[in-house]
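Engineer: Take this sequence and fold it.
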Amino acid sequence: MLFGRNKKNPIKMADKGVVNWTYSTCGYCSTGCSIEIGTNAEGQPVASRGVGNADVNRGKLCLKGIFEYEVFEASGRASNPLIRDTIHKPYSPTNWDTALDKTASEIKRIQATYGRDSFAVVSTGQILTEEFYTLGKLVRGAIGTNNYDGNTTLCMASAVSGYKRSFGSDGPPGCYEDFEHTDCLIAWGSNLPEQHPIIYWRLKEALEKRKFPVIVVDPRVTIFAQFADIHLPITPGTDVVLQNALIHVILKEGLEDRDYINANTNGFEALAKEVENYDPTTAAKLCGIDEDTIRTVARLYAKAGSAMSIWTMGINQSTHGSDGVVGINNLNLVTGNIGKPGGTSLSITGQCNAMGTREWSSCSGLPGYRALEKPEDREEIGKFWGVDPEFFPKKRGLTETDIFPAIETGEIKGLWLVATNPMTSMANTPRIRKTLEKLEFLVVQDAYYDVETSQYAHIFLPAGIWAEKEGVFTNTERRVNLTRQVKQPYADSKSDMQIFNELAKRFENGNIIKFPEKPEDVFEEMKQLSKGRLCDISGMSHDLIEQQRGIQWPYTEAQATQDAKGTQRLYTKPATYCYPDGRAKLIPLPFINNNEVPDEQYPFWLNSGRLVEHWHTRSKTGKIGNNNKFSPIPFMEMSPDAAEDLGIKHQSYVRVTSRRGDAVVMVMLTHRVPKNMVFIPFHFFDCVNRLTLGLLDPHSRQPAFKQSAVAIEHVDQEFAAQLSKESRTY
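Structural biologist: Residues are numbered from 1 along each chain as shown. Below is the predicted model:
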């Protein structure tokens, strides 16, 4: 579902009285589409359109983007801060001073009573980068808790961990233009047409110019798999086995790039020894891909002039997620496919600014890819902010997925959630519900008061949405792009940065640290801190970013004076990786099968994922008619053969049960899933994440949303329909 501004797929819009178009960047996924919001004579947003001369989307928008203007006036926007003494009482409207005074006093009370780290903060991938930087300054420099993380742990932590382990730093090394140069592409656990439609269109455009093989690794027959030249329906959670087997074949047949390996890597001997255990015959029994196909794919990839791999949640959301990313990097390092046109390991990021939180939020460290573990980094940031470096912790605290168990054990007593909705997005939501009830104090900061998690909050802080403020996002290909303010925040809501700044004044260090009020001034601080770093943005400005329709970092002051474009690729020169010796690491990956697998009691794999119509927990798209009407209720894809065995018919209702809980959904019979698997979209409240296990990756702490076992039974349709409706009513 693409809408464009050229002859091939023109936008056809009714005249809505637009008198002004304002430049912005789409606030949904990580593609980073340049978008313009049209306002009428009264200043109300009435239309959206793609920006024709933008490098990313070239005028195209997907269904979500074309109707994004509707989120400004969507139902559920909060007019005022809300407050209550207990979650069992209704909210009362209040003013900002009362809400922020109460928030600050409760944070101080909890920290004074139980210790500094007894209060936790969980943010998002949805706010502007200047806001992430400001929040990090507030949490690390003023509040002082070490238990601070983002919901990006649920989607991108494995990619971050894998990049760091292989290359010495986070940061995707490739770009979308690599589609136009590659000779072979493997997509690991990625369904581009529904997850990232504009990136899929970029790939299709490249294929129209010249044909190259596309290989999709996915246990489900997705739209992308239907389009692929080769579909590998892998057994869930066994990607590392397949990666090791591909490298086994490449080394066995002498197809590796020895010159690249010798000049740019360490650890080849250990990797070669490990993959000896993964000959195609052995691997086929574990991963479900026949041995001849493994050999064919290995040869295609290794013999291509340039080959690239992309991936999303099918890799990341696994107990082997970080290893899966390292396995992709191993494959590309062994074949010399990093840092050249068409040769890369490109993680397709999830949220619109998940990259911004990785770079600047200080969740996992300090701004600009600095580490809490490094004394020199703590010293530098302490001096820049004007606080004692000893105030900073010496290592990273708990991730989001560890914060909730710490609430259960009483280690954490208070929590601040910023633009995230764990009552729908976390695994095993029945457990999350009980956990939230144990908190002494919960603050929810969101644009919509009806997000499910607000039911458990003591204070609700209403925030402006993406284009009710100004600042930047960073997309999948490291492109920093600008969002201009289209209109003032709704009613008495405030921008997230205003909320952070006002709260900072209520802490001692918050009156020592400078908290600029203008986004441009915050960006100037970030530029200074970025100089000489991998994520250097020192040559950028808001105006230049808009003029160029986004700039890829690193972009230095020298590049700006030369009127140069941003940097398309990282690691283009020999031995320039981020380890001290400049070499990447080849890491052996023994496979340990620790997934929950189907058995006699729970005989089906449960898979989950996105729909093109919706975004995350539907706090926005669930209220937009043209999005919601195509997918108004949850459903479950099921094989007709499995349904026949159980006496289940198309569009009947079933109860799906796991060891954690149950959910009621409507059945859609399809051959897109194998007989022993079902698929349920993750967007809906009280649905699939009532069932998921959420075992954690040991490196990234990211949950395994896609490897759970369930049982299925038919239920009375009228009862099921009523229950389904009641449990999902806002």
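Engineer: What pLDDT does the model give the nearest residue to Gly321 once chain neighbours are set aside?
Structural biologist: Distance criterion C-beta to C-beta, 6 or more residues apart in numbering; nearest residue to Gly321, sequence neighbours excluded, is Ser158 at 3.1 Å. C-beta here means a position set from N, CA and C on the backbone, and glycine is covered the same way. At Ser158, the model reports a pLDDT of 96.
Engineer: in the stretch 151-300 of the chain, which spans are helices?
Structural biologist: For the stretch 151-300 of the chain, the helices identified by DSSP state H, counting those that start in this stretch occupy 157-167, 192-195, 197-209, 223-227, 239-252, 258-264, 268-275, 280-287, 291-303, in order along the chain.
Engineer: which residues of the chain score low on pLDDT?
Structural biologist: Counting by pLDDT under 70, the ranges of the chain that qualify are 1-13, 721, 723-730.
Engineer: Ok, which of the helices of the stretch 151-300 of the chain comes nearest Leu544?
Structural biologist: For those, proximity to Leu544 was assessed by C-beta to C-beta; helix 197-209 is nearest, at 23.3 Å.
Engineer: With only the CA atoms kept, save the closest one in PDB.
Structural biologist: What follows is helix 197-209 as a C-alpha-only set of coordinates in PDB (Å, rounded to 0.1, in the frame of the first residue of the first chain):
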ATOM      1  CA  PRO A 197       6.900  -0.700   3.100                       C
ATOM      2  CA  ILE A 198       9.000   2.100   1.800                       C
ATOM      3  CA  ILE A 199      12.300   0.200   2.200                       C
ATOM      4  CA  TYR A 200      10.600  -2.700   0.400                       C
ATOM      5  CA  TRP A 201       9.700  -0.300  -2.400                       C
ATOM      6  CA  ARG A 202      13.400   0.800  -2.600                       C
ATOM      7  CA  LEU A 203      14.400  -2.800  -2.900                       C
ATOM      8  CA  LYS A 204      11.800  -3.400  -5.600                       C
ATOM      9  CA  GLU A 205      13.000  -0.300  -7.500                       C
ATOM     10  CA  ALA A 206      16.600  -1.700  -7.400                       C
ATOM     11  CA  LEU A 207      15.300  -5.100  -8.700                       C
ATOM     12  CA  GLU A 208      13.500  -3.400 -11.600                       C
ATOM     13  CA  LYS A 209      16.900  -2.000 -12.800                       C
END
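Engineer: Need the contact partners of that helix.
Structural biologist: Applying C-beta atoms under 8 Å, 6 or more residues apart in numbering, the set of residues contacting helix 197-209 from outside is 1-2, 31, 33, 56-57, 60-63, 176, 179-180, 182, 185, 192-193, 214, 224, 348, 476, 612.
Engineer: Now render the helices of the stretch 151-300 of the chain as JSON lines, adding distance to Asp85 and mean neighbour count.
Structural biologist: Formatted as JSON lines, the helices of the stretch 151-300 of the chain follow (distance: least, C-beta to C-beta, whole Å; neighbours: other C-beta atoms under 10 Å):
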{"stretch": "helix 157-167", "distance to Asp85": "36", "mean neighbour count": "26"}
{"stretch": "helix 192-195", "distance to Asp85": "42", "mean neighbour count": "22"}
{"stretch": "helix 197-209", "distance to Asp85": "46", "mean neighbour count": "19"}
{"stretch": "helix 223-227", "distance to Asp85": "50", "mean neighbour count": "18"}
{"stretch": "helix 239-252", "distance to Asp85": "49", "mean neighbour count": "25"}
{"stretch": "helix 258-264", "distance to Asp85": "60", "mean neighbour count": "15"}
{"stretch": "helix 268-275", "distance to Asp85": "58", "mean neighbour count": "17"}
{"stretch": "helix 280-287", "distance to Asp85": "54", "mean neighbour count": "18"}
{"stretch": "helix 291-303", "distance to Asp85": "61", "mean neighbour count": "19"}
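Engineer: would a markdown table of the ones you listed with distance to Pro389 be doable?
Structural biologist: Written out in a markdown table, the entries for these read as follows (distance: least, C-beta to C-beta, whole Å):
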| stretch | distance to Pro389 |
| --- | --- |
| helix 157-167 | 23 |
| helix 192-195 | 41 |
| helix 197-209 | 41 |
| helix 223-227 | 48 |
| helix 239-252 | 39 |
| helix 258-264 | 35 |
| helix 268-275 | 37 |
| helix 280-287 | 48 |
| helix 291-303 | 47 |
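Engineer: quick one: which of those is nearest Cys687?
Structural biologist: It's helix 192-195; of those, that one is closest to Cys687 (C-beta to C-beta) at 17.6 Å.
Engineer: how many other residues sit next to the spatially closest residue to Phe507 that is not a sequence neighbour?
Structural biologist: In space, Phe507 comes closest to Ala142 once its chain neighbours are excluded; the distance is 4.1 Å by C-beta to C-beta, 6+ apart. Here the count is done by other C-beta atoms under 10 Å, and Ala142 has 24 residues near it.
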